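Q: how does the following fold in three dimensions:
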Amino acid sequence: MSTIVTGNSSKRWPRLCSPSVLPGDLHRLSGACPPEILTQIFLYCIPEDANWTPAPDLAPMQLTAVCRRWREIAVNMPNLWRRLRLEIGHGDWQQRAFCYDSYLKRSRGRQLSLTLECENNNWTELRSLLQPYLNQISSLHVGLFSGASSFPMVAADFGGLEELVIYTNGFSPVPAVAHVTHSITHLPPNMRSLRLLDMWLDFQVLSSLNSPSWAGLTNLEIVVEGLVSLPCLLRLCPNLSSLTMIGIFMAALETSGNLAHTKLQSLRFSGDLPMNTVFFGLLGLFDKVTLPNLRIVEVRNIGRWAHGEFKALITRSQCPLESLIFGGGVRTTPQQLAEYVTLFPSLKLVIDPTRSSVLE
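A: Residues are numbered from 1 along each chain as shown. Sure, this is the predicted structure:
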């Protein structure tokens, strides 16, 4: 049983997915509830943070099978049909495509959140399916798995896209990485969040994109290797408020002048290395930047902490640092930690060796 609370009243409603709910209960409920109450119940049945493959025993498809009245209400609620996961590369595509298209049509122009799980390179049929909805898609997650050695579409094709996440199963084929780099050179005008997971990108290739469309990004998460230039990345993304960088990297020698980036608030690093590895990837990384709005810093798996460089950064930045988190695989000293507390008396200082996995 679940509880829905509206104002000061409380009413218990059976969860549709519960095995204790009998068909008679649903029919009595369908006849007793006014439409405005049913619409709230239907919305409550939809997961808020995940995209699901259509299934007859899950909402919203399940809602349409209870009775004619429920079907009419559910089919005419566009917000029920905004989240969808599409599986590409196995099974009967024509049958699934018909189901996906019927599902998407019911969204009636609302913003869509889609997950594409790609097992092969047959993108023609996928493009045909998605073409009418390109400007509706605001959030897109693309999984490139073992049989997918290319990327289905160019990000700029999605006119309404605000968030793009590209990920693999951890064994991304090299051709896929090259196609991904090409596809993100130009981003849609409303794009704000870009996360490239499980794909090792050459930072020199990434920084050479020099695309004006990256200026709109406010959140960036990347996995990189090689020599890294933080000023170069921040120049590419002048409105960035959150940056997560994972990989095996070292600071490149900076030949340009100092950069003041006024928007960055959150900075997270992970070396993606075993805890006993000696790694000096952050040494020199902060030398040429000033971050006057920096509030949150988290580091994991980077070996010896670049205390001197970081202290110099926060001192010259005069930033309102609120949270400093040291996860597993980071070596600090009690004296260093005490200095941070002296500089920021209200600082939330976290030392948690259990945070040893790659940042999520």
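
Q: quick one, longest helix in this structure?
A: Of all the segments of type helix in the chain, defined by DSSP state H, the longest one is helix 93-105.

Q: buried residues in that helix?
A: Applying a neighbour-count criterion of 16 or more other CB atoms under 10 Å, one finds 93, 96-97, 100, 103-104 buried in helix 93-105. In short, each C-beta sits where N, CA and C put it, glycine included.

Q: quick check: mean pLDDT across it?
A: Summarised as a single mean, pLDDT over helix 93-105 is 88.

Q: now stretch 242-253
A: Along stretch 242-253, the predicted confidence averages to a pLDDT of 84.

Q: let's see it as PDB, backbone CA atoms only.
A: Output in PDB follows, covering the C-alpha atoms of stretch 242-253 (Å, rounded to 0.1, in the frame of the first residue of the first chain):
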ATOM      1  CA  SER A 242      30.500  21.900 -12.400                       C
ATOM      2  CA  LEU A 243      33.500  19.900 -13.800                       C
ATOM      3  CA  THR A 244      34.200  16.300 -13.200                       C
ATOM      4  CA  MET A 245      37.500  14.900 -14.700                       C
ATOM      5  CA  ILE A 246      38.500  11.200 -14.400                       C
ATOM      6  CA  GLY A 247      41.500   9.600 -15.900                       C
ATOM      7  CA  ILE A 248      45.300   9.200 -15.900                       C
ATOM      8  CA  PHE A 249      46.600  12.700 -16.700                       C
ATOM      9  CA  MET A 250      49.300  15.200 -15.900                       C
ATOM     10  CA  ALA A 251      49.200  19.000 -16.200                       C
ATOM     11  CA  ALA A 252      50.500  20.400 -19.400                       C
ATOM     12  CA  LEU A 253      53.000  23.200 -19.400                       C
END
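
Q: where exactly do the helices run in the stretch 1-150 of the chain?
A: Taking DSSP state H, counting those that start in this stretch as the criterion, the stretch 1-150 of the chain contains helices spanning 23-32, 35-44, 68-75, 93-105, 123-130.

Q: with distance to Ser346 added, can I get the ones you listed in JSON lines?
A: Conversion of the helices of the stretch 1-150 of the chain to JSON lines gives the following (distance: least, CB to CB, whole Å):
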{"stretch": "helix 23-32", "distance to Ser346": "51"}
{"stretch": "helix 35-44", "distance to Ser346": "39"}
{"stretch": "helix 68-75", "distance to Ser346": "50"}
{"stretch": "helix 93-105", "distance to Ser346": "49"}
{"stretch": "helix 123-130", "distance to Ser346": "49"}
